[in-house]
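> what's the 3D shape of this:
(chains A and B)
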Number of protein chains: 2
Amino acid sequence: MAEEKKNEVEEELEETTDNATEEIDIPEVSEVEELTSKFNEMEDKFLRARAEIANMSNRNKNEREQLVRYRSQDLGKKLLPAIDNLERALATEVNDDQGTSLKKGVEMVLESLTVALKEEGITEIKAEGEAFDPNLHQAVQTVAAEDDVKPETVVNVLQKGYQLHDRVLRPAMVIVAQ
Amino acid sequence: MAEEKKNEVEEELEETTDNATEEIDIPEVSEVEELTSKFNEMEDKFLRARAEIANMSNRNKNEREQLVRYRSQDLGKKLLPAIDNLERALATEVNDDQGTSLKKGVEMVLESLTVALKEEGITEIKAEGEAFDPNLHQAVQTVAAEDDVKPETVVNVLQKGYQLHDRVLRPAMVIVAQ
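Residues are numbered from 1 along each chain as shown, chains lettered A, B, ... in the order given. Predicted structure coming up:
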């Protein structure tokens, strides 16, 4: 086996001696193997890093979108009692010009608040006359369904509910026909 | 010259044939050089990718913090006219119980709005009695400074200003003593 190998190498030698004037520095095989392995390892690290960059980029884009989409959730939620109170104030009967003027002012404020909330994606949850939906409505009372009302229908709203896009900020408090 | 080289190689061959059972694949020098260069290039790409990951991570953290810190800027700004109107409504004189009750309701609403805005970092800009600051105050009128008032002092506020943390949502409209 050793002899056979020797002959093979000698044959190769005959072919290569023609340009043997070049300095032949024979590197060890292990050097190439080592380099190849190091290269593959580094390439693998690079590819992982590149994938991580793509992932981070997508993740951050989504996070930013979510933050912007729901940015008014906290302030919006805190405004709901103010809106309730304005609506309650508007239910007050007034008897004179001053009262009427005050009421008109309150109406304008309520209108501007509602518009501001709507622009941020906060809208009233539809309730009266709608089919009862436990995700949007909170039943606080049930009544027997009359002839012209289907069962499981909201017949009265005790407190308005609000949602920010698809998120419920506060469910509507309702009376349901059964 | 070619003959000399051949002898040298043959001598080496004698020494190596002992372990010639191993496959001897003689790599060219250029292969090592090429691999080294490829490795360095890949390492460079990897290091750049790693730096980019660190940069992205910092950038995104900052962006998120900014988005959260100023998230209520748009809704907050839109609420300012509502607050102005509520304050104007409260300036109305009332003569009877209904008016008083309505006014009390409006006061509560104004209070709850102010608290909600404050919790989001929106506060009234200090103006009356302060040194005039063109970043915070908009002078709409000047008056001669009286004896007990320093020049360039805000003596009257025509419309309240508001800021969200360090950002001015609306400057205060003021009268300045000169």
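> before we move on, what SS does residue A:138 have?
Using DSSP: H, G, I helix; E, B strand; the rest coil, the structure places residue A:138 in strand.
> ok, it touching residue A:173?
Yes. Residue A:138 lies in contact with residue A:173 (CB atoms under 8 Å); the separation is 5.3 Å. Every C-beta, even on glycine, is put in place using the N, C-alpha and C of the backbone.
> any shared contact partners between those two?
Taking CB atoms under 8 Å, 6 or more residues apart in numbering or on different chains as the criterion, residue A:138 and residue A:173 both touch residue A:161.
> and the most centrally placed residue in chain A, what element?
In chain A, the centroid-proximal residue (CA atoms, centre = their mean) is residue A:66; its distance is 4.0 Å. Residue A:66 is part of helix A:29-69 when elements are defined by DSSP states H and E.
> packing partners of that helix?
helix B:29-69 (3 or more CB pairs under 8 Å, 6 or more residues apart in numbering or on different chains; DSSP states H and E).
> residue contacts, residue A:94?
A:100, A:102, A:103, B:98, B:99, B:102.
> go again with 6 Å.
A:100, A:103, B:98 (CB atoms under 6 Å, 6 or more residues apart in numbering or on different chains).
> tell me the contacts of the residue lying closest to residue A:146 once chain neighbours are set aside?
Using CB to CB, 6 or more residues apart in numbering or on different chains and skipping residues adjacent in sequence, the residue nearest residue A:146 is residue A:177, 7.2 Å away. By CB under 6 Å, 6+ apart, the contact list for residue A:177 reads A:143, A:145, A:149, A:153, A:155.
> quick check: beta-bridge partners of residue A:177?
residue A:143, residue A:153 (DSSP bridges).
> pLDDT score for it?
The score at residue A:177 is 94. That number is its pLDDT.
> where does chain A dip in pLDDT?
Along chain A, the parts satisfying pLDDT under 70 run over A:1-28.
> repeat the analysis, applying 80 as the threshold.
For chain A, the stretches with pLDDT under 80 are A:1-29, A:94, A:147.
> tell me the secondary structure for the residue nearest to residue A:71 when sequence neighbours are not counted?
Sequence neighbours aside, residue B:71 is the residue nearest to residue A:71 in space, at 3.7 Å (criterion: CB to CB, 6+ apart). Three-state assignment for residue B:71 (three-state DSSP): coil.
> pretty sure residue B:71 contacts residue A:72?
No. Applying CB atoms under 6 Å, one finds residue B:71 not in contact with residue A:72, separated by 7.2 Å.
> compare those two (neighbour count), which wins?
For residue B:71 versus residue A:72, neighbours defined as other CB atoms under 10 Å in any protein chain shown are more numerous around residue A:72 (25 against 21).
> which residues are in contact with the more buried one?
A:120, B:75.
> list phi and psi for it.
phi -90, psi 10 (degrees, to the nearest 10).
> now swap in residue A:156 and tell me
Given degrees, to the nearest 10, the pair of backbone angles that residue A:156 has is phi -160, psi 140.
> run a quick neighbour tally on it.
Count around residue A:156 with other CB under 10 Å applied: 14.
> that one: what's it in contact with?
Per CB under 6 Å, 6+ apart, neighbours of residue A:156: residue A:175.
> distance of it from chain B?
According to CB to the nearest CB, to the nearest Å, residue A:156 stands 23 Å off from chain B.
> quick one on the thing from earlier: just put the contacts of residue A:94 in CSV and tack on neighbour count and secondary structure.
Shown next, in CSV, are these (neighbours: other CB atoms under 10 Å in any protein chain shown; DSSP: H, G, I helix; E, B strand; the rest coil):
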residue, neighbour count, secondary structure
A:100, 12, helix
A:103, 21, helix
B:98, 18, helix
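> out of these, who's nearest residue B:47?
residue A:103 (69.4 Å; CB to CB).
> give me the secondary structure label for the nearest residue to that closest one once chain neighbours are set aside.
Ranked by CB to CB, 6+ apart and with sequence neighbours excluded, the top spatial neighbour of residue A:103 is residue A:94, at 5.5 Å. Following three-state DSSP, the label given to residue A:94 is coil.
> make CSV from the contacts of residue A:94 and add distance to residue A:121 to it.
Formatted as CSV, the contacts of residue A:94 follow (distance: CB to CB, whole Å):
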residue, distance to residue A:121
A:100, 34
A:103, 29
B:98, 36
